[in-house]
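In: Make a model of this:
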Amino acid sequence: MKLLYFKNGEQYRLGIVTEKGILDADAYRQFKGQKFFSATNLTNKAVDELKRMLADGIRHPEFILDEAALTIAPCTPAPSKIICIGLNYRRHAAESGMAVPTVPVVFTKYNNTLVDYGKDIPLGKVGEQFDYEVELGVVIGERCKDVSKVDALDYVLGYCVANDLSCRDLQFRTSQWLMGKSLDYFLPLGKYIVTKDEIPDVQQLNLKCTLNGELRQNSTTADMIFSVAEIIEDLSKHMTLEPGDLILTGTPEGVIMGMTEKNWLKPGDVVTVEIEGLGSATNRMA
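Out: Coordinates of the predicted model:
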């Protein structure tokens with residue numbers, strides 16, 4: 001199942017992708033006298049309910065919307081936490097000139113980095129060394145604490161495409177990466193959350209990034225140092241993960257920072273990030 005959020009005035013609404021168009025799940029629930037899904041972050045239990053309602057919902061054309069006519073919101077519009085894993089691909093660690101980590105390198109982004117799907121990204125008035133990073137996003141669907149890697153994927157709701165835009169001169173001005181990672185709108189996401197049942201092996205997905213049509217990153221999640229399950233196990237030892245939390249799992253080689261000639265992103269550049277089975281996100285730098 002592919003899920004998205006779209007804007008209805010100032011309100012976010014939950015939609016389900018169907019062959020006929022986007023089923024307005026919240027309008028359908030209102031029709032049934034129930035609360036909106038979008039009032040809270042989705043849980044795995046809610047996904048089960050969405051699957052049950054889908055067959056009946058698509059028989060009501062009044063709830064089917066044209067996707068092209070919608071303003072698509074971030075596919076995780078209100079995560080309580082955005083947790084990022086750095087240096088999590090072997091070849092990216094090598095191109096960065098850094099040691100392969102022995103434990104996950106953890107930092108954060110905030111909700112100010114979220115942006116509507118496909119919108120231009122203002123590079124801002126601070127920093128100069130702007131870079132792209134295609135990443136697999138993991139959306140938590142059930143509260144979890146102290147879970148083992150054997151059970152970790154049971155707590156995942158689904159996956160999405162992410163571009164962990166970075167400003168390298170701000171990132172490395174201190175030992176803390178936060179400032180270079182949390183500029184406004186610096187986390188464009190793909191259009192959809194794809195539920196985990198559609199992804200048979202999350203550690204065998206191709207990732208790509210193009211800059212102005214030129215292929216820059218082309219790798220696979222098999223090159224991860226810490227798997228998705230291992231990341232969730234480690235994080236849940238230290239903090240409680242909640243439904244809607246978004247985990248970014250690192251980027252493969254091919255970033256501008258790793259190149260001999262570093263031509264940083266500039267206004268007018270167009271970046272597309274894509275992951276097998278999850279779709280893509282294209283944004284113009286402004």
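In: From now on I want contacts and neighbour counts done on CA atoms only, so please keep to that.
Out: Will do.
In: domains for this protein, by residue range?
Out: 2-69, 82-284 (automatic domain parsing).
In: So what's the gap between stretch 52-71 and the chain middle?
Out: 24 Å (Cα atoms, centre = their mean, to the nearest Å).
In: Most tightly packed of the domains of the chain?
Out: Across the domains of the chain, the average number of neighbours (mean count of other Cα atoms under 10 Å) peaks for domain 82-284, which reaches a mean of 20.
In: distance between the ends of that domain?
Out: End-to-end span of domain 82-284 (Cα to Cα, to the nearest Å): 23 Å.
In: And for stretch 71-82?
Out: 23 Å.
In: List the buried residues for it?
Out: Neighbour-count burial for stretch 71-82, counted by 16 or more other Cα atoms under 10 Å, picks out Thr71, Ile72, Ala73, Pro74, Cys75, Thr76, Pro77, Ala78, Pro79, Lys81, Ile82.
In: Neighbouring strands - and their directions - for the host helix or strand of Gly137?
Out: Using DSSP states H and E, the element containing Gly137 is strand 134-140. Here strand 134-140 is paired, per DSSP bridges, with strand 156-163 (antiparallel), strand 246-248 (antiparallel).
In: which residues sit against it?
Out: Identification of contacts with strand 134-140 by Cα atoms under 8 Å, 6 or more residues apart in numbering yields 43, 76, 155-164, 193, 207-209, 217, 228, 241-252, 273-275.
In: that older thread, columns distance to Asn112 on top of the strands paired with strand 134-140, output as CSV?
Out: Formatted as CSV, those follow (distance: least, Cα to Cα, whole Å):
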stretch, distance to Asn112
strand 156-163, 14
strand 246-248, 14
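In: which one of these lies closest to Thr102?
Out: Among these, strand 246-248 comes nearest to Thr102, with 18.0 Å by Cα to Cα.
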